[in-house]
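**Student:** have a look at this fold, sequence not included:
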């Protein structure tokens, strides 16, 4: 019984009231909640390929069209082709777009730090840092933590001096006797990044950043096992007040990859501190979830996350106008950008590099090409790290009749080396053009006439990259600087790019592109990357990451030595059941255990070593397993993170065993790995034997306490006798073969028997 319209609708069906059940009943949902994906068939492929190629003849045949219909298709085909190409481009770009988000973590009203022994490293020459240090020590001590202050006062501290300072402090603070303090956990807490003053030995670097580099290296050099947490203030957020401190965030992401056991994490504090904020800091230091990139804000403790960046409605149709400047403009990337600006309406384009036109002779051809499009091109030499030179450059090209509207900062070099082997001069050389150049531009540009300041950043600054600590630091700074500029009225954008193809932000060498692809980083076609840039500018995005990531390949390698909560919000980056790190042992029934069953220890070791050598040679592409020497380290053989994962996966698949992800790192030579595998299998065998004995003991107890009929007793006895007979037959000793010691007395038949046994094994 309901509204009149429902009664009218249901009347023809003669509905009758139904009594509801009196028990709780389950509800089943029958609605389709997702649209099933249509399986793509070869016919689909051929049809859309014909559309993409505007192949009228193939489409006419496929659709079986008559002549009058063919003309209609001919008129429609250009629009259909354009639609299809646009759809393909957009779907590709959608997969490349990422953003950074901050996930609020559950807070603790009164976190327990009483089990911590904190070594707080500070620079007393910075008055603001001194105030923060006093407040921090007072709060931590009140909460029960043990604190030791280590003051860095020398201007020329290097890794050796810092290492001695740390070793001395930690040795002095070791408890002398067992007690409550003996269970404290040592943690190093560095406030050094808060000093933004130029480093006296090299003004190109901030003092806090230079000190953090040396401190990180000192920890790696020493025997100290305490992890280091690094404090910044206002380095990361939507509008960071102190973007220069973001250099340390880029450095720290690389340190986490290269030195996972020494690096603790990064914590960013707000500008103002109160007891609530300091409680959140205590929560960060005691977190057990592995979070290592944290920001404390008035709303609580937040963890950094990488997330997809869905498309937004465009706020405008951005187009360049008047004059545009491209730093690093004479390289391959600059040439791509110059063509793009010219096609979209820039009247004047200025390309700069340290060497000017001498840096790339092909720039002359580009100049002629763009002149035909109606764009004037000028090439000027300029060192972007020189603030006076940058100011002079801007004054020269920012003409009243054609104001400077667009600046694309693409200058920068990379120098790959492990963090432990990088010098401060290496750091400064990489940061000069990229970081100092960006800062100089932000300081001298006129925000009143500027349409866009676009920083070309890199994914190395978003999540780190091995052997790229200065490059990652510089790019992290660019990302923070763009957001800082936004908050201060400058229309800045930072795009953190994955590798470009065609000589863009990667190299055009086929071997390098193939290596990147094998690591899960396929290079992006420049035309599609530029389309993604246009879209970000149309949406007025301050910061975005654009990269083609094959997560199935990239994530296992990236998280090989250290989990990364940064990727926790990306389902495609999570380990599958096959790739998740499993237990290190499995049952005796593994394939490898079956092959080893009955072999002598020597033959087991030989079998395992041959197995490892064969798969190692396959992974490295060697022609023969003989090139894999038993006592040579996997690292010297050429194994890296990706190939280490591949070898572990092959051994796991062949053996049927579950093996840890760090297998190759934990057992660095084929000989060491074979020893581990043998001990793993024999340990599993021993566990199985113990399990059988326990079951026999339980059976003995059960049969001694129960009463059986004659038939039941006879059946049980026969079954036990059958099992015993089978075991005796399996373990009956074979005829003993002559040993090598008996060779001088062996007959011809015995000698052939020895040779047969030896080579057949």
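**Tutor:** Nice, thanks for sending it over. Being a predicted model, the structure only gives us computed values, none of them experimental.

**Student:** so how far is residue 152 from the most centrally placed residue in the chain?
**Tutor:** The centroid of the chain falls nearest to residue 558 when counting by CA atoms, centre = their mean (4.4 Å). Between residue 558 and residue 152 the computed distance is 33 Å (CB to CB, to the nearest Å). In short, each C-beta sits where N, CA and C put it, glycine included.

**Student:** what do you get for residue 397?
**Tutor:** 44 Å.

**Student:** same question, residue 544
**Tutor:** Counting by CB to CB - residue 544 and residue 152 are separated by 37 Å.

**Student:** repeat that for residue 202.
**Tutor:** 17 Å.

**Student:** so for those two, which sits in the more crowded spot?
**Tutor:** Set residue 202 next to residue 152 and count neighbours by other CB atoms under 10 Å: residue 152 wins out with 22 against 14.

**Student:** the more buried one contacts residue 129, correct?
**Tutor:** No. Counting by CB atoms under 8 Å, residue 152 stays clear of residue 129, with 10.5 Å between them.

**Student:** between these two, what contacts are shared?
**Tutor:** Here residue 152 and residue 129 have 122-123 as joint contacts, going by CB atoms under 8 Å, 6 or more residues apart in numbering.

**Student:** can you give me phi and psi for the closest residue to the residue nearest to the centre of the chain other than its chain neighbours?
**Tutor:** Nearest residue to residue 558, sequence neighbours excluded (CB to CB, 6 or more residues apart in numbering): residue 564, at 6.3 Å. Main-chain torsions, residue 564, degrees, to the nearest 10: phi -130, psi 100.

**Student:** begin at 50 from here
**Tutor:** Okay, residue one is now 50; in that scheme the one you just asked about reads as residue 613.

**Student:** got the contact list for stretch 320-327?
**Tutor:** Against stretch 320-327 from outside (CB under 8 Å, 6+ apart): 181, 184-185, 188-189, 282-283, 290, 318-319, 345, 347.

**Student:** out of the residues you listed, which are inside strands?
**Tutor:** Using DSSP state E, the subset of those located in strands is 282, 318, 345.

**Student:** test my guess that the last one contacts residue 333.
**Tutor:** Yes. Under the criterion of CB under 8 Å, residue 345 is in contact with residue 333, at a separation of 7.0 Å.

**Student:** overlap in contacts of the two?
**Tutor:** residue 316.

**Student:** which ones are touching residue 297?
**Tutor:** With contact taken as CB under 8 Å, 6+ apart, residue 297 is in contact with 242, 257-258, 261, 279, 281, 284, 315, 522.

**Student:** again with residue 448
**Tutor:** Counted by CB under 8 Å, 6+ apart, residue 448 has contacts residue 372.

**Student:** now residue 446
**Tutor:** 372, 374, 397, 399, 427, 429, 453.

**Student:** for these, which one is nearest residue 165?
**Tutor:** The closest of those to residue 165 turns out to be residue 374 (CB to CB; 50.9 Å).

**Student:** distance check, the closest one against residue 433.
**Tutor:** Taken as CB to CB, the span from residue 374 to residue 433 is 11 Å.

**Student:** go on, residue 403?
**Tutor:** Residue 403 is 8 Å from residue 433, by CB to CB.

**Student:** comparing those two, which residue is more hemmed in?
**Tutor:** residue 433 (26 against 18).

**Student:** check the contact between the more buried one and residue 459; I expect there is one.
**Tutor:** No. Counting by CB under 8 Å, residue 433 sits too far from residue 459 to count as a contact (10.4 Å).

**Student:** quickly list what's touching both of the two.
**Tutor:** Taking CB under 8 Å, 6+ apart as the contact rule, residue 433 and residue 459 both touch residue 376.

**Student:** overlap in contacts, residue 374 and residue 433.
**Tutor:** Common neighbours of residue 374 and residue 433, using CB under 8 Å, 6+ apart, are residue 401.

**Student:** ok, residue 267 - contacts?
**Tutor:** By CB under 8 Å, 6+ apart, the contact set of residue 267 is 208-209, 211-212, 215.

**Student:** identify those among the residues you listed that sit within helices.
**Tutor:** Of the contacts of residue 267, the ones assigned to helices by DSSP state H are 208-209, 211-212, 215.

**Student:** list just the nearest of the residues you listed to residue 154.
**Tutor:** Nearest member of those to residue 154, counting by CB to CB, is residue 215, at 29.7 Å.

**Student:** could you report the distance from the closest one to residue 263?
**Tutor:** Taken as CB to CB, the span from residue 215 to residue 263 is 11 Å.

**Student:** all helices of the stretch 250-399 of the chain, in order?
**Tutor:** Per DSSP state H, counting those that start in this stretch, the stretch 250-399 of the chain carries helices over the ranges 256-270, 295-307, 324-334, 381-392.

**Student:** export these to TSV and tack on distance to residue 537?
**Tutor:** Below are the helices of the stretch 250-399 of the chain laid out as TSV (distance: least, CB to CB, whole Å):
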stretch	distance to residue 537
helix 256-270	22
helix 295-307	16
helix 324-334	25
helix 381-392	25
